[in-house]
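K.L.:
let's see this in three dimensions:
(one chain, ligands or ions: 2)
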Amino acid sequence: MKSYSFKGGVHPPERKDATKALPIERAMPSTRAVWIPITQGGAPNRPIVQVGDAVARGQRIAEADAFMSVPVHASVAGVVKKIETHLVAGNVDAPCVVIEADGSDRTEFMPPLDPFICTREESLARVRAAGIVGMGGAAFPAHVKLAPPKGTKIDYLIANGAECEPYLTIDERTMRESAAKVVDGVAIAMHLTGAQNGIVALEDNKADLVPVIEAAIAAQRCNPVGPGACAISVALCKTKYPQGGEKMLIKALTKREVPAGGLPSGAGCVVQNVGTLKAISEAFREGKPLIDRAFTVSGGACESPRNLEAPIGTLVGDLIPEIVQLAPGVKKIISGGPMMGIAMRDASFPIQKNTSGVLFLTERETALVDESPCIRCGRCISVCSCLLSPVLIVQALKAGNLDEAKRCGLLDCVECGTCAYVCPARVKLVQRFRVGKQLVREERDRAAARAAQKGAN
Ligand code: SF4
Ligand code: SF4
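P.N.:
Numbering: from 1, shown residues only. Ligands and ions are numbered 1, 2, ... in the order given. Modelled structure (predicted):
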(Lines give C-alpha, C1' and ligand atoms only; values in the text may rest on other atoms or scores of the structure.)
(Ligands and ions follow the chains in the order given, each with its own letter.)
Protein backbone atom coordinates (compact mmCIF):
# COMPACT_ATOMS: atom_id res chain seq x y z
CA MET A 1 0.00 0.00 0.00
CA LYS A 2 1.24 3.49 -0.81
CA SER A 3 2.14 5.77 2.14
CA TYR A 4 1.00 9.38 1.78
CA SER A 5 3.04 12.24 3.19
CA PHE A 6 3.52 16.00 3.53
CA LYS A 7 6.54 18.29 3.39
CA GLY A 8 8.51 18.83 6.60
CA GLY A 9 8.13 17.02 9.90
CA VAL A 10 10.56 15.03 12.06
CA HIS A 11 11.09 11.45 13.27
CA PRO A 12 11.35 11.46 17.05
CA PRO A 13 11.93 8.04 18.68
CA GLU A 14 8.54 6.28 18.70
CA ARG A 15 8.78 4.62 22.13
CA LYS A 16 5.45 2.83 21.63
CA ASP A 17 6.70 -0.73 22.22
CA ALA A 18 6.01 -0.59 25.96
CA THR A 19 2.21 -0.41 25.47
CA LYS A 20 1.22 -1.11 21.85
CA ALA A 21 0.49 -4.81 22.52
CA LEU A 22 -1.32 -4.19 25.81
CA PRO A 23 -5.14 -4.34 25.78
CA ILE A 24 -7.11 -1.49 27.36
CA GLU A 25 -7.86 -2.36 31.00
CA ARG A 26 -10.68 -0.87 33.06
CA ALA A 27 -9.34 1.10 36.04
CA MET A 28 -11.22 2.40 39.09
CA PRO A 29 -9.06 3.29 42.09
CA SER A 30 -10.25 2.30 45.54
CA THR A 31 -10.59 5.99 46.51
CA ARG A 32 -13.85 5.82 44.47
CA ALA A 33 -14.09 9.58 43.98
CA VAL A 34 -13.88 11.62 40.78
CA TRP A 35 -13.07 15.32 40.20
CA ILE A 36 -14.96 16.19 37.01
CA PRO A 37 -14.01 19.55 35.43
CA ILE A 38 -17.19 21.55 34.79
CA THR A 39 -15.91 22.74 31.41
CA GLN A 40 -14.08 20.39 29.06
CA GLY A 41 -13.93 22.07 25.65
CA GLY A 42 -16.08 24.88 24.29
CA ALA A 43 -17.71 27.78 26.16
CA PRO A 44 -17.69 27.78 29.99
CA ASN A 45 -20.38 25.64 31.65
CA ARG A 46 -22.27 26.16 34.90
CA PRO A 47 -22.94 23.34 37.38
CA ILE A 48 -26.57 22.12 37.51
CA VAL A 49 -26.18 19.90 40.58
CA GLN A 50 -25.65 20.84 44.22
CA VAL A 51 -23.64 19.38 47.06
CA GLY A 52 -25.61 16.45 48.51
CA ASP A 53 -27.38 15.53 45.25
CA ALA A 54 -27.45 11.85 44.29
CA VAL A 55 -26.41 11.38 40.66
CA ALA A 56 -26.51 8.47 38.23
CA ARG A 57 -23.78 7.53 35.75
CA GLY A 58 -24.48 9.52 32.60
CA GLN A 59 -26.57 12.21 34.32
CA ARG A 60 -25.90 15.78 33.17
CA ILE A 61 -24.08 17.77 35.88
CA ALA A 62 -22.93 20.91 34.01
CA GLU A 63 -23.98 22.73 30.86
CA ALA A 64 -24.12 26.05 28.98
CA ASP A 65 -26.56 27.51 26.48
CA ALA A 66 -23.91 28.53 23.90
CA PHE A 67 -23.75 26.54 20.64
CA MET A 68 -19.98 26.24 21.10
CA SER A 69 -20.37 24.21 24.30
CA VAL A 70 -21.07 20.66 25.39
CA PRO A 71 -22.55 19.41 28.65
CA VAL A 72 -20.59 17.37 31.17
CA HIS A 73 -22.01 14.21 32.79
CA ALA A 74 -21.44 12.20 35.97
CA SER A 75 -19.02 9.37 35.22
CA VAL A 76 -19.93 7.38 38.33
CA ALA A 77 -23.14 6.89 40.32
CA GLY A 78 -22.87 8.46 43.76
CA VAL A 79 -23.27 11.68 45.73
CA VAL A 80 -21.94 15.17 44.94
CA LYS A 81 -19.54 15.91 47.79
CA LYS A 82 -18.04 19.25 46.75
CA ILE A 83 -17.89 21.78 43.95
CA GLU A 84 -14.45 23.34 44.13
CA THR A 85 -11.45 24.42 42.07
CA HIS A 86 -8.77 21.82 41.47
CA LEU A 87 -5.72 21.31 39.26
CA VAL A 88 -6.85 20.20 35.77
CA ALA A 89 -5.05 19.04 32.64
CA GLY A 90 -4.00 22.47 31.30
CA ASN A 91 -1.93 22.89 34.50
CA VAL A 92 -4.44 25.46 35.78
CA ASP A 93 -6.99 25.38 38.57
CA ALA A 94 -10.60 25.10 37.39
CA PRO A 95 -13.98 24.33 38.98
CA CYS A 96 -14.76 20.61 39.36
CA VAL A 97 -17.74 18.61 40.63
CA VAL A 98 -16.49 16.05 43.14
CA ILE A 99 -18.57 12.85 43.22
CA GLU A 100 -18.07 10.03 45.67
CA ALA A 101 -19.07 6.77 43.99
CA ASP A 102 -21.59 4.59 45.86
CA GLY A 103 -20.54 1.41 44.07
CA SER A 104 -23.87 1.02 42.27
CA ASP A 105 -24.27 0.94 38.51
CA ARG A 106 -27.26 3.31 38.32
CA THR A 107 -27.17 4.85 34.87
CA GLU A 108 -29.10 7.61 33.16
CA PHE A 109 -28.28 7.21 29.47
CA MET A 110 -30.33 8.61 26.60
CA PRO A 111 -32.55 6.30 24.54
CA PRO A 112 -30.79 4.89 21.44
CA LEU A 113 -31.34 6.91 18.25
CA ASP A 114 -31.01 5.69 14.65
CA PRO A 115 -28.58 8.16 13.01
CA PHE A 116 -29.73 7.20 9.52
CA ILE A 117 -33.43 7.85 10.15
CA CYS A 118 -33.52 10.92 12.41
CA THR A 119 -33.14 14.43 11.02
CA ARG A 120 -29.77 16.18 10.73
CA GLU A 121 -30.78 18.57 13.54
CA GLU A 122 -31.68 15.63 15.80
CA SER A 123 -28.33 13.99 15.00
CA LEU A 124 -26.32 17.12 15.80
CA ALA A 125 -28.32 17.61 18.99
CA ARG A 126 -27.52 14.01 20.01
CA VAL A 127 -23.76 14.49 19.47
CA ARG A 128 -23.89 17.68 21.56
CA ALA A 129 -26.11 16.16 24.27
CA ALA A 130 -23.60 13.32 24.63
CA GLY A 131 -20.94 15.91 25.50
CA ILE A 132 -18.60 14.78 22.75
CA VAL A 133 -15.45 16.80 22.05
CA GLY A 134 -12.33 16.00 20.04
CA MET A 135 -10.54 13.28 22.00
CA GLY A 136 -7.23 13.64 20.14
CA GLY A 137 -6.25 16.57 22.34
CA ALA A 138 -7.98 19.73 21.14
CA ALA A 139 -11.36 19.12 22.91
CA PHE A 140 -13.18 21.03 20.16
CA PRO A 141 -16.96 20.35 20.34
CA ALA A 142 -17.68 17.55 17.83
CA HIS A 143 -21.15 18.81 16.83
CA VAL A 144 -19.61 22.13 15.71
CA LYS A 145 -17.12 20.32 13.44
CA LEU A 146 -19.95 18.21 12.03
CA ALA A 147 -22.00 21.31 11.17
CA PRO A 148 -19.73 23.26 8.80
CA PRO A 149 -20.74 26.78 7.73
CA LYS A 150 -23.73 27.00 5.37
CA GLY A 151 -22.81 26.52 1.72
CA THR A 152 -19.64 24.52 2.56
CA LYS A 153 -19.43 21.22 0.70
CA ILE A 154 -17.67 18.45 2.60
CA ASP A 155 -16.05 15.82 0.37
CA TYR A 156 -13.93 13.88 2.86
CA LEU A 157 -14.56 12.59 6.36
CA ILE A 158 -11.15 11.62 7.72
CA ALA A 159 -10.84 9.35 10.77
CA ASN A 160 -7.58 10.37 12.40
CA GLY A 161 -5.78 7.25 13.60
CA ALA A 162 -2.31 8.55 12.78
CA GLU A 163 -1.32 8.88 16.47
CA CYS A 164 2.07 10.42 15.69
CA GLU A 165 2.97 11.47 19.27
CA PRO A 166 5.71 9.27 20.77
CA TYR A 167 4.69 6.84 23.56
CA LEU A 168 0.92 7.04 22.89
CA THR A 169 -0.85 3.88 21.70
CA ILE A 170 -4.43 4.47 22.80
CA ASP A 171 -5.79 5.25 19.33
CA GLU A 172 -4.09 2.14 17.98
CA ARG A 173 -5.66 -0.01 20.73
CA THR A 174 -9.06 1.64 20.23
CA MET A 175 -8.98 0.78 16.51
CA ARG A 176 -7.83 -2.77 17.21
CA GLU A 177 -10.39 -3.44 19.95
CA SER A 178 -13.35 -1.36 18.70
CA ALA A 179 -12.91 -1.19 14.92
CA ALA A 180 -16.65 -1.76 14.32
CA LYS A 181 -17.60 1.25 16.47
CA VAL A 182 -14.97 3.46 14.83
CA VAL A 183 -16.23 2.55 11.34
CA ASP A 184 -19.85 3.04 12.46
CA GLY A 185 -18.83 6.51 13.72
CA VAL A 186 -17.27 7.27 10.33
CA ALA A 187 -20.48 6.22 8.53
CA ILE A 188 -22.59 8.38 10.90
CA ALA A 189 -20.30 11.41 10.46
CA MET A 190 -20.36 10.96 6.66
CA HIS A 191 -24.16 10.85 6.73
CA LEU A 192 -24.24 14.01 8.86
CA THR A 193 -21.79 16.04 6.79
CA GLY A 194 -22.77 14.68 3.37
CA ALA A 195 -19.18 13.56 2.74
CA GLN A 196 -19.00 11.05 -0.09
CA ASN A 197 -15.59 9.68 0.95
CA GLY A 198 -14.58 8.29 4.33
CA ILE A 199 -10.91 7.60 5.01
CA VAL A 200 -9.50 5.87 8.08
CA ALA A 201 -5.94 7.26 8.17
CA LEU A 202 -3.11 5.37 9.89
CA GLU A 203 0.63 5.86 9.99
CA ASP A 204 2.47 3.04 8.24
CA ASN A 205 3.94 1.82 11.55
CA LYS A 206 0.38 0.49 12.16
CA ALA A 207 -0.01 -1.24 8.79
CA ASP A 208 -1.01 -4.49 10.54
CA LEU A 209 -4.27 -2.71 11.48
CA VAL A 210 -5.36 -2.44 7.84
CA PRO A 211 -7.03 -5.90 7.67
CA VAL A 212 -8.74 -5.21 11.02
CA ILE A 213 -10.28 -1.95 9.75
CA GLU A 214 -11.10 -3.46 6.34
CA ALA A 215 -12.96 -6.33 8.04
CA ALA A 216 -14.97 -3.77 10.06
CA ILE A 217 -15.78 -1.83 6.87
CA ALA A 218 -16.95 -5.06 5.16
CA ALA A 219 -19.13 -5.91 8.17
CA GLN A 220 -20.60 -2.39 8.21
CA ARG A 221 -21.58 -2.77 4.54
CA CYS A 222 -23.73 -5.75 5.54
CA ASN A 223 -25.19 -3.90 8.55
CA PRO A 224 -28.84 -3.05 7.81
CA VAL A 225 -28.82 -0.20 10.38
CA GLY A 226 -25.48 1.25 9.24
CA PRO A 227 -25.59 2.17 5.57
CA GLY A 228 -22.96 4.44 4.09
CA ALA A 229 -19.90 2.28 4.65
CA CYS A 230 -19.46 1.55 0.95
CA ALA A 231 -17.32 4.64 0.43
CA ILE A 232 -15.01 4.11 3.41
CA SER A 233 -11.39 3.09 2.81
CA VAL A 234 -8.15 2.82 4.77
CA ALA A 235 -5.09 4.91 3.88
CA LEU A 236 -1.54 4.74 5.18
CA CYS A 237 0.56 7.82 5.84
CA LYS A 238 4.30 8.01 6.44
CA THR A 239 5.33 7.62 10.05
CA LYS A 240 6.53 11.07 11.04
CA TYR A 241 5.58 13.91 13.33
CA PRO A 242 3.15 15.81 13.10
CA GLN A 243 1.34 13.46 10.68
CA GLY A 244 -1.73 13.48 12.95
CA GLY A 245 -2.17 17.27 12.66
CA GLU A 246 -5.37 18.05 10.77
CA LYS A 247 -3.69 20.25 8.18
CA MET A 248 -0.95 17.70 7.50
CA LEU A 249 -3.36 14.79 7.26
CA ILE A 250 -5.55 16.70 4.79
CA LYS A 251 -2.53 17.74 2.74
CA ALA A 252 -1.10 14.20 2.68
CA LEU A 253 -4.37 12.46 1.76
CA THR A 254 -6.13 14.95 -0.52
CA LYS A 255 -3.34 17.35 -1.58
CA ARG A 256 -5.67 20.16 -0.45
CA GLU A 257 -4.49 23.10 1.67
CA VAL A 258 -6.50 24.37 4.63
CA PRO A 259 -6.79 28.12 3.99
CA ALA A 260 -4.54 30.32 6.17
CA GLY A 261 -6.38 31.04 9.41
CA GLY A 262 -9.22 28.79 8.20
CA LEU A 263 -10.79 25.48 9.19
CA PRO A 264 -10.51 22.03 7.53
CA SER A 265 -14.07 22.53 6.22
CA GLY A 266 -12.57 25.29 4.02
CA ALA A 267 -10.73 22.48 2.22
CA GLY A 268 -13.88 20.33 2.04
CA CYS A 269 -12.73 18.05 4.88
CA VAL A 270 -13.80 17.14 8.39
CA VAL A 271 -11.26 15.33 10.57
CA GLN A 272 -12.27 13.45 13.72
CA ASN A 273 -10.07 11.39 16.04
CA VAL A 274 -10.88 7.65 16.04
CA GLY A 275 -11.80 7.73 19.76
CA THR A 276 -14.24 10.56 19.07
CA LEU A 277 -15.87 8.50 16.29
CA LYS A 278 -16.25 5.55 18.65
CA ALA A 279 -17.91 7.89 21.17
CA ILE A 280 -20.27 9.16 18.44
CA SER A 281 -21.31 5.59 17.62
CA GLU A 282 -21.99 4.86 21.32
CA ALA A 283 -24.00 8.08 21.69
CA PHE A 284 -26.46 6.88 19.03
CA ARG A 285 -26.46 3.10 19.49
CA GLU A 286 -26.31 2.99 23.30
CA GLY A 287 -27.37 6.52 24.26
CA LYS A 288 -24.10 6.74 26.20
CA PRO A 289 -22.59 10.18 26.89
CA LEU A 290 -18.83 10.66 26.95
CA ILE A 291 -18.09 9.60 30.53
CA ASP A 292 -15.21 7.11 30.18
CA ARG A 293 -11.80 7.82 28.72
CA ALA A 294 -9.12 5.39 27.50
CA PHE A 295 -5.52 6.62 27.71
CA THR A 296 -1.90 5.42 27.67
CA VAL A 297 0.27 5.58 30.77
CA SER A 298 3.97 5.37 29.92
CA GLY A 299 7.42 6.97 30.12
CA GLY A 300 10.82 5.91 31.38
CA ALA A 301 9.88 6.67 35.00
CA CYS A 302 6.74 4.49 34.82
CA GLU A 303 7.37 0.91 35.95
CA SER A 304 3.98 -0.35 34.75
CA PRO A 305 3.22 1.16 31.34
CA ARG A 306 -0.31 0.27 30.22
CA ASN A 307 -3.45 1.30 28.39
CA LEU A 308 -6.27 2.09 30.80
CA GLU A 309 -9.89 3.21 30.64
CA ALA A 310 -11.21 5.14 33.64
CA PRO A 311 -14.27 7.23 34.49
CA ILE A 312 -13.63 10.84 33.50
CA GLY A 313 -12.56 12.76 36.61
CA THR A 314 -10.38 9.95 38.01
CA LEU A 315 -7.31 11.58 39.56
CA VAL A 316 -4.02 10.36 38.11
CA GLY A 317 -2.59 10.48 41.63
CA ASP A 318 -5.29 8.04 42.79
CA LEU A 319 -4.05 5.48 40.25
CA ILE A 320 -0.61 5.54 41.96
CA PRO A 321 0.63 3.10 43.25
CA GLU A 322 -2.45 0.85 43.20
CA ILE A 323 -2.68 0.63 39.41
CA VAL A 324 0.33 2.58 38.13
CA GLN A 325 3.75 2.11 39.74
CA LEU A 326 6.51 4.66 39.34
CA ALA A 327 10.30 4.37 39.46
CA PRO A 328 12.34 6.90 41.45
CA GLY A 329 13.42 9.97 39.51
CA VAL A 330 10.27 11.26 37.84
CA LYS A 331 11.43 14.53 36.29
CA LYS A 332 8.36 15.53 34.36
CA ILE A 333 4.67 14.55 34.35
CA ILE A 334 2.93 15.26 31.06
CA SER A 335 -0.76 15.24 30.28
CA GLY A 336 -0.86 14.12 26.63
CA GLY A 337 2.12 13.31 24.42
CA PRO A 338 5.65 14.67 24.81
CA MET A 339 5.39 16.98 21.76
CA MET A 340 2.09 18.77 22.36
CA GLY A 341 1.19 17.71 25.89
CA ILE A 342 1.25 19.96 28.95
CA ALA A 343 3.81 19.57 31.72
CA MET A 344 1.94 19.29 35.03
CA ARG A 345 3.08 20.53 38.43
CA ASP A 346 2.04 17.23 40.09
CA ALA A 347 -0.10 14.12 39.50
CA SER A 348 -3.25 15.34 41.26
CA PHE A 349 -5.07 16.22 38.01
CA PRO A 350 -8.09 14.34 36.65
CA ILE A 351 -8.42 12.32 33.45
CA GLN A 352 -10.48 14.49 31.07
CA LYS A 353 -12.30 13.93 27.79
CA ASN A 354 -9.16 14.87 25.84
CA THR A 355 -6.55 13.06 27.95
CA SER A 356 -4.88 10.71 25.48
CA GLY A 357 -2.01 9.84 27.76
CA VAL A 358 -0.11 10.51 30.96
CA LEU A 359 3.68 10.30 30.81
CA PHE A 360 6.19 10.04 33.62
CA LEU A 361 9.55 11.03 32.15
CA THR A 362 13.10 10.80 33.45
CA GLU A 363 15.60 13.64 33.18
CA ARG A 364 17.25 11.92 30.20
CA GLU A 365 13.96 11.76 28.33
CA THR A 366 13.06 15.38 28.90
CA ALA A 367 16.51 16.74 27.95
CA LEU A 368 15.96 19.58 30.38
CA VAL A 369 18.51 22.16 29.33
CA ASP A 370 18.31 25.89 29.52
CA GLU A 371 17.47 28.02 26.53
CA SER A 372 20.47 29.58 24.79
CA PRO A 373 20.57 32.30 22.10
CA CYS A 374 19.33 31.42 18.61
CA ILE A 375 22.26 30.45 16.36
CA ARG A 376 20.27 31.16 13.17
CA CYS A 377 20.72 27.63 11.87
CA GLY A 378 17.33 27.64 10.11
CA ARG A 379 16.45 24.09 11.17
CA CYS A 380 13.11 25.25 12.57
CA ILE A 381 12.18 26.60 9.13
CA SER A 382 13.09 23.41 7.30
CA VAL A 383 10.83 21.19 9.43
CA CYS A 384 7.73 23.35 9.85
CA SER A 385 4.93 21.53 8.03
CA CYS A 386 2.87 24.76 8.00
CA LEU A 387 5.70 26.35 5.98
CA LEU A 388 6.27 29.07 8.60
CA SER A 389 9.52 30.63 9.77
CA PRO A 390 9.36 30.02 13.54
CA VAL A 391 12.58 31.95 14.16
CA LEU A 392 11.09 35.11 12.63
CA ILE A 393 7.86 34.77 14.63
CA VAL A 394 9.79 34.39 17.85
CA GLN A 395 12.02 37.36 17.03
CA ALA A 396 8.94 39.52 16.44
CA LEU A 397 7.39 38.34 19.71
CA LYS A 398 10.59 39.03 21.64
CA ALA A 399 10.57 42.55 20.18
CA GLY A 400 6.95 42.97 21.32
CA ASN A 401 5.82 43.41 17.71
CA LEU A 402 2.55 41.46 17.57
CA ASP A 403 1.63 42.73 14.10
CA GLU A 404 4.90 41.45 12.66
CA ALA A 405 4.43 38.11 14.44
CA LYS A 406 0.96 37.82 12.87
CA ARG A 407 2.37 38.77 9.48
CA CYS A 408 4.92 35.96 9.86
CA GLY A 409 2.11 33.45 10.49
CA LEU A 410 1.73 33.28 14.28
CA LEU A 411 -1.98 32.47 13.95
CA ASP A 412 -1.35 29.69 11.41
CA CYS A 413 0.96 27.83 13.79
CA VAL A 414 -0.68 24.59 14.99
CA GLU A 415 1.65 24.38 18.03
CA CYS A 416 2.91 20.95 16.98
CA GLY A 417 6.30 21.57 18.63
CA THR A 418 8.36 20.20 15.73
CA CYS A 419 10.47 23.38 15.50
CA ALA A 420 11.24 23.30 19.23
CA TYR A 421 12.14 19.62 18.96
CA VAL A 422 14.89 20.25 16.38
CA CYS A 423 16.14 23.56 17.78
CA PRO A 424 19.75 23.05 18.97
CA ALA A 425 19.51 26.17 21.15
CA ARG A 426 16.35 24.86 22.90
CA VAL A 427 14.60 28.16 22.18
CA LYS A 428 11.18 27.95 23.85
CA LEU A 429 9.38 28.48 20.57
CA VAL A 430 5.98 26.91 21.29
CA GLN A 431 5.63 28.47 24.73
CA ARG A 432 6.27 31.87 23.15
CA PHE A 433 3.77 31.19 20.35
CA ARG A 434 1.10 30.26 22.93
CA VAL A 435 1.72 33.45 24.89
CA GLY A 436 1.72 35.46 21.63
CA LYS A 437 -1.65 34.00 20.60
CA GLN A 438 -3.06 34.80 24.03
CA LEU A 439 -1.90 38.43 23.58
CA VAL A 440 -3.64 38.54 20.17
CA ARG A 441 -6.86 37.22 21.75
CA GLU A 442 -6.66 39.83 24.50
CA GLU A 443 -6.05 42.54 21.89
CA ARG A 444 -9.13 41.39 19.96
CA ASP A 445 -11.26 41.30 23.13
CA ARG A 446 -10.21 44.85 23.99
CA ALA A 447 -11.05 46.02 20.46
CA ALA A 448 -14.45 44.30 20.61
CA ALA A 449 -15.16 45.87 24.02
CA ARG A 450 -14.21 49.32 22.67
CA ALA A 451 -16.49 48.82 19.63
CA ALA A 452 -19.37 47.72 21.87
CA GLN A 453 -18.81 50.71 24.15
CA LYS A 454 -18.78 53.04 21.15
CA GLY A 455 -22.04 51.49 19.88
CA ALA A 456 -23.67 51.98 23.29
CA ASN A 457 -22.74 55.68 23.41
S1 SF4 B 1 5.97 27.08 13.91
FE2 SF4 B 1 4.17 26.10 14.78
S3 SF4 B 1 3.43 24.74 13.16
FE4 SF4 B 1 5.55 25.29 12.63
S5 SF4 B 1 6.79 23.63 13.50
FE6 SF4 B 1 6.70 25.26 15.04
S7 SF4 B 1 4.98 24.72 16.36
FE8 SF4 B 1 4.77 23.49 14.47
S1 SF4 C 1 16.19 26.11 15.10
FE2 SF4 C 1 16.49 27.34 16.96
S3 SF4 C 1 18.58 28.11 16.78
FE4 SF4 C 1 17.99 27.39 14.72
S5 SF4 C 1 17.12 29.23 13.72
FE6 SF4 C 1 15.41 28.16 14.66
S7 SF4 C 1 15.19 29.16 16.68
FE8 SF4 C 1 17.23 29.67 15.93
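K.L.:
the helix ranked longest in the chain close to ligand 1?
P.N.:
Using DSSP state H to define each element, the chain has its longest helix at helix 429-456. Yes - using Cβ under 6 Å from any ligand atom, we find that helix 429-456 touches ligand 1 at Leu429, Val430. C-betas here are computed from N, CA, C, even on glycine.
K.L.:
what average pLDDT does that helix get?
P.N.:
Average pLDDT, helix 429-456: 86.
K.L.:
start the count at 498 instead of 1 going forward.
P.N.:
Okay, residue one is now 498; in that scheme the one you just asked about reads as helix 926-953.
K.L.:
for it, which helices and strands make contact with it?
P.N.:
Identification of packing neighbours for helix 926-953 by 3 or more Cβ pairs under 8 Å, 6 or more residues apart in numbering; DSSP states H and E yields helix 887-895, helix 899-904, helix 915-919.
K.L.:
of these, which is nearest Gly555?
P.N.:
Each of the helices and strands packed on helix 926-953 has some distance to Gly555 by Cβ to Cβ; the shortest is helix 915-919, at 39.2 Å.
K.L.:
residues making contact with that closest one?
P.N.:
505-507, 509, 738-739, 836, 876-877, 880-882, 887, 923-927 (Cβ atoms under 8 Å, 6 or more residues apart in numbering).
K.L.:
filter those down to the buried ones, PyMOL style.
P.N.:
To isolate the buried members of the contacts of helix 915-919 in PyMOL, using 16 or more other Cβ atoms under 10 Å:
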select buried, resi 505+506+507+509+738+739+836+876+877+880+881+882+887+924+926+927
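K.L.:
and the residue in the stretch 598-747 of the chain that ligand 1 sits nearest to, what does it touch?
P.N.:
When you check the stretch 598-747 of the chain against ligand 1 by Cβ to the nearest ligand atom, the closest residue turns out to be Pro739, at 6.8 Å. Residues near Pro739 by Cβ under 8 Å, 6+ apart: Gly506, Cys661, Met745, Met836, Met837, Ser882, Val911, Cys913, Gly914, Thr915.
K.L.:
please list all residues in contact with the fifth one.
P.N.:
This points to Met837. Going by Cβ under 8 Å, 6+ apart, Met837 touches Gly634, Glu662, Pro739, Glu912, Cys913, Gly914.
K.L.:
most widely separated two among the residues you listed?
P.N.:
Glu662 and Glu912 (12.8 Å).
K.L.:
how close does the residue of the stretch 748-897 of the chain found nearest ligand 1 sit to Tyr501?
P.N.:
Relative to ligand 1, the nearest point of the stretch 748-897 of the chain is Cys881 (3.4 Å; Cβ to the nearest ligand atom). Between Cys881 and Tyr501 the distance is 19 Å, computed by Cβ to Cβ, to the nearest Å.
K.L.:
do the same with Glu700
P.N.:
Distance, Glu700 to Tyr501, by Cβ to Cβ: 10 Å.
K.L.:
my read: Ala922 touches Arg876, true?
P.N.:
No - applying Cβ atoms under 8 Å, one finds Ala922 not in contact with Arg876, separated by 9.7 Å.
K.L.:
any idea what whichever residue of the stretch 498-647 of the chain sits closest to ligand 2 is bridged to?
P.N.:
Of the stretch 498-647 of the chain, the residue with the smallest distance to ligand 2, taken as Cβ to the nearest ligand atom, is Val507 at 11.6 Å. In this entry, Val507 is beta-bridged to Tyr738, by DSSP bridges.
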